[in-house]
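In: sequence and predicted structure are below.
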Amino acid sequence: MIPPTFIHDLLARVDIADVVGRHVQLRKGGANLSGLCPFHAEKSPSFTVSPSKQFYHCFGCGANGDAIRFMTEFSGMSFIDAVKDLAQQVGMTVPDDDVSPAEREQAAAQKQRRATLTDVLAKAADAYRKQLKASPRAIDYLKGRGLSGEIAAQFGLGYAPDGWRNLASVFPSYDDPLLEESGLVIAKDEEGDGDGKRYDRFRDRIMFPIRSVQGDVIGFGARVLDRGEPKYLNSPETPVFSKGRELYGLFEGRTAMRQRGHALVVEGYMDVVALAQSGIGNAVATLGTACTADHLHKLFRFTDSVVFSFDGDKAGRRAAGRALEASLAHASDTRTIRFLFLPPEHDPDSYVREHGAAAFEDFIAQAVPLSRQLIEAASEGCDLGSAEGRAHMLANARPLWSALPEGALKRQLLAELATAGRDDVDQLLRQWGHAPPARPAAREPVPWRPAPRRAGRVSKGAANLLDRAIWLLLHHSEAWASLDGESHDILAAQAAPYDLFFGAIERSLHEHGALAAAALLGELRERAHEVDGAAAVLTRIAAFHDPEPAADLVKELALVIAKLRLQAVDDELKLLFESGVQSADAQARSRELMEARKRLKV
């Protein structure tokens, strides 16, 4: 674990203007810098960077955070990798108290090994590109598929010539074990004497380099030019390549995903490249495997909306079922997952070539949302006109619904399932092992988004609204289930250590049910060592008086959250005023905030 004090020191030493400025053209505007947001498409700047406060914020799409968050959101890095990258830039060494010297040395050796393998693969990719330029047959094949030289260069397409040992002219030693370890060469030791036959894995195929989100070549997909089996051949599993975690076209399509507002998941390499040729550059493809939770986790680093594209035949429906199961855990209230089924005679490549990009875009707009796809999947083969069929449908739906994260989508989908099954919502909850939630008082919806998250600076003095919210939940943890999704978002979006505490309360309620205040406080104390300033929060909370027996803690918690919502609106208004940004998005956001403030002040 990286000590919180190191994170604070790193953020104090890193200049966010430099970090963001490497990827976004920033202009000076008063005390802040502004530019076009890298996370959504816009023509006038709504994206601002505050050097004094060391955070960024977009008034158009709401993206915000510190330098570490920018690296994870923009580059697709994990939190650990972003910290290490920034630390290296400012000459700091990331400590790791839990790692022994031997483990640290092993990790360094593995990192060097991975770097060596990607160097070997990059050299092979360069050789394949050169071979493509020298092969009229391969060039004619790509032209026949409607691809230009520009798009081939963008994706680094190449050609592996026919022949058994073409890579022998690329690498100094064809016997180098790295060629076999990287998947470029196959070695067969038929006699068992260690003197096996070695030959190129890829021969007479169009080569599609597969890149990591950082741009390193980690493997290849290869397609035959004419007839042959298998039509597609992938690199084997290696230390740098895993088919269940990687996506073809992710590196090339990151920017388009942000601009177009969603990622499009297709089934083939050629679909990705052909769609990019038609101006649809936000497509990615799984690597001959079903979509996995790891794929979704990686995609949601870059976008909050994913559209799956499948053929309309039985195989496509089966693939959609697997994608649905992989998507459920990621289907939060702020994300959109949809399913697109093409006519059986088409894949995305052929559909775009026959009907054009605009028609395909229209098809995407008609994609089925996850909620409807779940109900259709549960209803397959069930006669909803009979009690038996409806009971069967609900039995099919239970594991799918249970896999969804808690939130408004899960609650609303339960109501739809109950309606389809002609059952009562509360009764269905009890049947599925859940207690019906308390009914919250109706509240007027308020346009809100989390305020910019800064490194937590926890006051050691007077208690604040967040302390009060934790205290209320300690004494009545069931109140968490009565909150709407927006209220959950408000609490979860707070800076450390509060995000840690609210997350721990939610997990405890989910895993153990309602606990006594002392027991729940004990769980929070066990987590307090993880974040700087957490102990001070718990000290303040422990000094609060016990609630009065007649106190309405749910109502009091709702009032605290309303004040937090108003505080967030005021913070964003202040930031908007200080930034001086005058884009259409910023002006629209200003009007939204002023209207929200009026309602909240009533």
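Out: Great, that's in hand.

In: please enumerate the helices of the stretch 51-200 of the chain.
Out: For the stretch 51-200 of the chain, applying DSSP state H, counting those that start in this stretch gives helices covering 67-75, 79-89, 101-133, 136-144, 149-154, 177-181.

In: highest mean neighbour count out of the ones you listed?
Out: helix 67-75 (a mean of 21; mean count of other CB atoms under 10 Å). Using the backbone N, CA and C atoms, a C-beta is placed for each residue, glycine as well.

In: show me what it is packed up against.
Out: helix 4-13, helix 16-21, helix 79-89 (3 or more CB pairs under 8 Å, 6 or more residues apart in numbering; DSSP states H and E).

In: for these, which has the smallest mean pLDDT value?
Out: The minimum mean pLDDT among the helices and strands packed on helix 67-75 belongs to helix 4-13 (a mean of 79).

In: the inter-axis angle of that helix versus helix 79-89?
Out: 50 degrees (axes from the mean of the first three to the mean of the last three CA atoms, to 10 degrees).

In: in helix 4-13, what counts as buried?
Out: 4, 6-8, 10-11 (16 or more other CB atoms under 10 Å).

In: check stretch 272-286 too.
Out: Neighbour-count burial for stretch 272-286 [16+ other CB under 10 Å]: 272-278, 280-286.

In: mind putting those into a markdown table with pLDDT, distance to R203 and secondary structure?
Out: Putting those into a markdown table (pLDDT from 0 to 100; distance: CB to CB, whole Å; DSSP: H, G, I helix; E, B strand; the rest coil) gives the following:
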| residue | pLDDT | distance to R203 | secondary structure |
| --- | --- | --- | --- |
| V272 | 95 | 23 | helix |
| V273 | 95 | 21 | helix |
| A274 | 93 | 24 | helix |
| L275 | 94 | 28 | helix |
| A276 | 95 | 26 | helix |
| Q277 | 94 | 26 | helix |
| S278 | 93 | 30 | coil |
| I280 | 94 | 32 | coil |
| G281 | 93 | 30 | coil |
| N282 | 94 | 33 | coil |
| A283 | 96 | 28 | strand |
| V284 | 96 | 27 | strand |
| A285 | 94 | 23 | strand |
| T286 | 91 | 24 | coil |
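
In: for these, which one is nearest K601?
Out: N282 (41.2 Å; CB to CB).

In: what residues does the closest one make contact with?
Out: N282 is in contact with 253, 256-257, 259-260, 262-264, counting by CB atoms under 8 Å, 6 or more residues apart in numbering.

In: please name the nearest non-neighbouring residue to it.
Out: Closest residue to N282 apart from its sequence neighbours, by CB to CB, 6 or more residues apart in numbering: A256 at 4.1 Å.

In: and the contacts of N282, which two are the farthest apart?
Out: Of all pairs drawn from the contacts of N282, the greatest distance, 12.8 Å, lies between Q259 and L264 (CB to CB).

In: looking at the two, which is more packed in?
Out: Ranked by neighbour count (other CB atoms under 10 Å), Q259 and L264 place L264 first, with 29 against 15.

In: any idea how far T255 is from G76?
Out: Separation of T255 from G76 (CB to CB, to the nearest Å): 12 Å.

In: now G421
Out: 41 Å.

In: sorry, back to before: between the helices of the stretch 51-200 of the chain, which one is nearest to Q494?
Out: helix 67-75 (14.1 Å).

In: relative to helix 79-89, how tilted is the closest one?
Out: Using the same axes, to 10 degrees: helix 67-75 against helix 79-89 is 110 degrees.

In: follow-up on the earlier one: JSON lines for the buried residues of stretch 272-286, including distance to D467?
Out: JSON lines is the format used below for these (distance: CB to CB, whole Å):
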{"residue": "V272", "distance to D467": "50"}
{"residue": "V273", "distance to D467": "54"}
{"residue": "A274", "distance to D467": "56"}
{"residue": "L275", "distance to D467": "51"}
{"residue": "A276", "distance to D467": "51"}
{"residue": "Q277", "distance to D467": "56"}
{"residue": "S278", "distance to D467": "55"}
{"residue": "I280", "distance to D467": "49"}
{"residue": "G281", "distance to D467": "47"}
{"residue": "N282", "distance to D467": "43"}
{"residue": "A283", "distance to D467": "47"}
{"residue": "V284", "distance to D467": "44"}
{"residue": "A285", "distance to D467": "49"}
{"residue": "T286", "distance to D467": "46"}
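
In: closest to L132 out of these?
Out: V273 (13.3 Å).

In: now do the contacts for the nearest residue to V213 once chain neighbours are set aside.
Out: Of all residues not flanking V213 in the chain, G76 sits nearest, at 3.7 Å (CB to CB, 6+ apart). Neighbouring residues of G76 by CB under 8 Å, 6+ apart: 213-214, 250, 254, 298, 301-302.
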